[in-house]
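Asks: what follows is a predicted structure for the sequence shown.
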Amino acid sequence: MLNIRNVKKQDLSDIVIIEQLCFPPEEAAKKEAFEKRIEVIPDSFFVAEENGVIIGFVNGPVIETPFITDDLFKEIKENPETGDHQSILGIAVTPHFQTRGVAAALLVHIEKEARAKSRETITLTCKEDLIVFYENHGYRNLGVSDSQHAGVIWYNMVKKL
């Protein structure tokens, strides 16, 4: 039974491990970034558990612009109560649990929370191989992002709420 809940401080080590399993070192968020996100934006940071074990997560600050900018990977601030754009800086699922709908459930959960707080859109960047996954979940590909994160080509994916 999948359970999705807000992050807690004690989830940090599991989150860091999942991030390292899912992303190459130059793309993976560092432990310090997760510490800051857990502290500053726990209201938009969710973990997925199966039998009490964390198997995935989704997180990102609410931002004023419809697209993610690289400074968000270093500096974030508390989310406004309502409005603006829910970003997704990271979504990751333990490899053993991939292709079982966990990422989709996390997307549905963060979208439900964003709608409840009258956010305008959900915005994220992804690599080319994941465009179809996000399009299948209602996101539109708005072209190549200005992001230089990890020296990779990222695409802006946006879903209107």
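Replies: Right, received. Where do you want to start?

Asks: for the rest of this, base every contact and every neighbour count on C-alpha atoms.
Replies: Will do.

Asks: ok, residues contacting the biggest helix by length in the chain?
Replies: Using DSSP state H, we find that the single longest helix of the chain is helix 102-116. Helix 102-116 is contacted from outside by 2, 4, 44, 46-48, 56-58, 86, 91-93, 122, 137, 161, using Cα atoms under 8 Å, 6 or more residues apart in numbering.

Asks: let me know the outermost residue of the protein.
Replies: Asn51 (22.2 Å; Cα atoms, centre = their mean).

Asks: helix, strand, or coil at Ser87?
Replies: strand (DSSP: H, G, I helix; E, B strand; the rest coil).

Asks: run through the residues that contact Thr69.
Replies: Asp146, Ser147.

Asks: coming back round to it: from what I can see the residue farthest from the centre of the chain touches Met1, true?
Replies: Yes. Applying Cα atoms under 8 Å, one finds Asn51 in contact with Met1, separated by 6.8 Å.

Asks: circling back: list only buried entries from the contacts of helix 102-116.
Replies: 4, 44, 46-48, 56-58, 86, 91-93, 122 (16 or more other Cα atoms under 10 Å).

Asks: export those to CSV and append columns for secondary structure and distance to Leu142.
Replies: Formatted as CSV, those follow (DSSP: H, G, I helix; E, B strand; the rest coil; distance: Cα to Cα, whole Å):
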residue, secondary structure, distance to Leu142
Ile4, strand, 29
Ser44, helix, 23
Phe46, strand, 26
Val47, strand, 28
Ala48, strand, 28
Gly56, strand, 26
Phe57, strand, 24
Val58, strand, 21
Gln86, strand, 16
Ile91, strand, 19
Ala92, strand, 22
Val93, strand, 25
Ile122, strand, 13
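
Asks: and of the residues you listed, the nearest to Pro25?
Replies: Ala92 (14.1 Å; Cα to Cα).

Asks: and the closest one, what does it touch?
Replies: Ala92 neighbours (Cα under 8 Å, 6+ apart): Ile18, Glu19, Cys22, Gly56, Phe57, Val58, Ala103.
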